[in-house]
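no sequence on hand, only this structure:
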């Protein structure tokens, strides 16, 4: 009896060991695991859950409306999402205000292609456009027409009520919705009204959120709810100043270009340069601003936003406000548009600090002015040395030496506190002169820098031109006088030689 029991015990023990050894093989034959939690769920349930649907379509309840979520799922018909292939997908119903939607989906799942068909209702969705906390991106009003016609702030606000284009730019940003801009959009409408706030303008956003609804078997409807209060915290940011005097000056100067310079082919640009620089004024014929005079005139009267008298003028002409180049025939100016009182103070030697400084300037450059003929200076200035026709005078002229002699040069007059251009003539004509110099058949003093303080020189044909300097050079033993003239501009000075003319008597 004991032998039979022992055999039975051995058989049982062998069976237990056999089962335990075969168990790992059973686990390995199970469906492979991808490591994805959602995939694990998909392999274990029949159909598709709400959680899986939300994960597959990345539905965050605080960042998408119920209607958009339903439509996103409905658009997946014929597509594969993860381990799901949707053969059909339909948005049966949705309600943005309640935050719910119902969809019907059909398809296959997993590697086995097991079919599923299910109707699901998801809740808890919020309309992100109704939960915004916006920050201002940009806000800009279009004052161009108001400046053009000198309209008051009240008139501008009245005009804006019937012309939305006067609110040129208005946009906001929000963490949930991204950017919000003016206009009619799928999920919201954004407009704005203007109201006067002291001497400023307050922009009041008019914001309406759209709620979509669709009942089973019905069509989509839309309602709007005012959510303008969501922008209340931006009151200071949305309060903008009306246009200033500087805005008027800037508007006018932006309407000008290089054509502001009145070009004349019969005038050297340096005529304007010398006149402006040495008298600290704007030459009457220089500025061509007729096209903005009409606008300026609208400000020289009562009833508008401003009452002021304006003008166009060179900006600090005594410094760098005007530059001429007579070699190239060009003129460059820096000019301003300002009140006449400001211009007068700018040019004053003792400006009044209570008068606002000029801040709006522009530079213009124009070609087409009269040019210096570099190869024919004699057509402008005919320098001639006259030497008495006797041996003694000839010898004196031969012995004469000039080394960069400043015949005409810039000098500072300390008594009058200004820069002058002085002529120092070592070749004057007197009763006892053995030789002397003439320019255009006249004494140099009558031709070169002849009119203080402008310091014009007069050409042979009567034109005014400014010469920066004239130097003389002559070597001993030579009868030729070398003359160096520097005209306005960046070019080098022009040098030429003059042989003497021998004359009988004085």
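In hand now; what should we look at? Predicted model, so just to flag it, every value in this text is computed and none were measured.

now the strands: where do they sit in the stretch 201-350 of the chain?
Using DSSP state E, counting those that start in this stretch, the strands of the stretch 201-350 of the chain run over 221-226, 239-241, 310-314, 322-325, 330-339.

give the contact list for the residue nearest to residue 247 when sequence neighbours are not counted.
Distances taken as C-beta to C-beta, 6 or more residues apart in numbering place residue 147 nearest to residue 247, at 6.3 Å, with adjacent residues excluded. Where you see a C-beta, it was placed from the backbone N, CA and C, and this is true even at glycine. By C-beta atoms under 8 Å, 6 or more residues apart in numbering, the contact list for residue 147 reads 243, 247-248, 251.

so residue 409, which of the three states?
Here residue 409 is strand, with the state taken from DSSP: H, G, I helix; E, B strand; the rest coil.

hmm, back to that, export the strands of the stretch 201-350 of the chain as TSV, with columns for mean pLDDT and mean neighbour count.
TSV is the format used below for those (pLDDT from 0 to 100; neighbours: other C-beta atoms under 10 Å):
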stretch	mean pLDDT	mean neighbour count
strand 221-226	97	11
strand 239-241	97	14
strand 310-314	97	23
strand 322-325	96	23
strand 330-339	98	23
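
pLDDT weak spots in this structure?
Residues of the chain meeting the criterion pLDDT under 70: 1-46, 412-419, 505-506.

one more pass at 50, please.
1-45 (pLDDT under 50).

quick one, helices of it?
Ranges of helices within the chain are 2-28, 37-42, 50-56, 66-74, 144-148, 153-161, 245-253, 269-279, 290-299, 340-347, 391-399, based on DSSP state H.

ok, residue 310 touching residue 338?
Yes: contact criterion C-beta atoms under 8 Å: residue 310 and residue 338 qualify, at 6.7 Å.

so what's in contact with the two at the same time?
Residues within reach of residue 310 and of residue 338 at once, by C-beta under 8 Å, 6+ apart, are residue 249.

picking that back up, so for residue 504, which of the helices of the chain sits nearest?
Of all the helices of the chain, it is helix 391-399 that lies closest to residue 504, at 10.7 Å by C-beta to C-beta.

now do the buried residues in that closest one.
Buried residues in helix 391-399, counted by 16 or more other C-beta atoms under 10 Å: 393-394, 397.

closest to residue 224 out of the residues you listed?
Within the buried residues of helix 391-399, the smallest distance to residue 224 is 102.0 Å, found for residue 397 (C-beta to C-beta).

for stretch 213-224, how far is the first residue from the last?
End-to-end distance for stretch 213-224: 11 Å, by C-alpha to C-alpha, to the nearest Å.

which residues are in contact with that stretch?
With C-beta under 8 Å, 6+ apart as the test, stretch 213-224 has contacts from 67, 91-97, 102, 189, 208-212.

got it, and stretch 390-402?
Applying C-beta under 8 Å, 6+ apart, the contact partners of stretch 390-402 are 385, 387, 426, 434-435, 472-479, 481, 500, 502.

buried subset of these?
385, 387, 434-435, 472-474, 479, 481, 500, 502.

can I get those residues in JSON lines with distance to residue 299?
Below are those laid out as JSON lines (distance: C-beta to C-beta, whole Å):
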{"residue": "385", "distance to residue 299": "60"}
{"residue": "387", "distance to residue 299": "66"}
{"residue": "434", "distance to residue 299": "67"}
{"residue": "435", "distance to residue 299": "63"}
{"residue": "472", "distance to residue 299": "55"}
{"residue": "473", "distance to residue 299": "58"}
{"residue": "474", "distance to residue 299": "61"}
{"residue": "479", "distance to residue 299": "67"}
{"residue": "481", "distance to residue 299": "59"}
{"residue": "500", "distance to residue 299": "64"}
{"residue": "502", "distance to residue 299": "68"}
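
now, of the contacts of stretch 213-224, which are buried?
Buried members of the contacts of stretch 213-224, counted by 16+ other C-beta under 10 Å: 67, 91-96, 102, 208-212.

out of those, the closest to residue 284 would be?
Using C-beta to C-beta, those come closest to residue 284 at residue 208, 59.6 Å.

ok, that closest one touching residue 188?
Yes: Residue 208 lies in contact with residue 188 (C-beta under 8 Å); the separation is 6.5 Å.

ok so, going back, ok, and the most crowded of the contacts of residue 147?
In terms of neighbour count, residue 248 stands highest of the contacts of residue 147 at 27 neighbours, by other C-beta atoms under 10 Å.

look up how far residue 100 lies from that residue.
The gap separating residue 248 from residue 100 is 57 Å, by C-beta to C-beta, to the nearest Å.

again with residue 142
Separation of residue 142 from residue 100 (C-beta to C-beta): 44 Å.

please apply the same query to residue 268.
As defined by C-beta to C-beta, residue 268 lies at a distance of 85 Å from residue 100.
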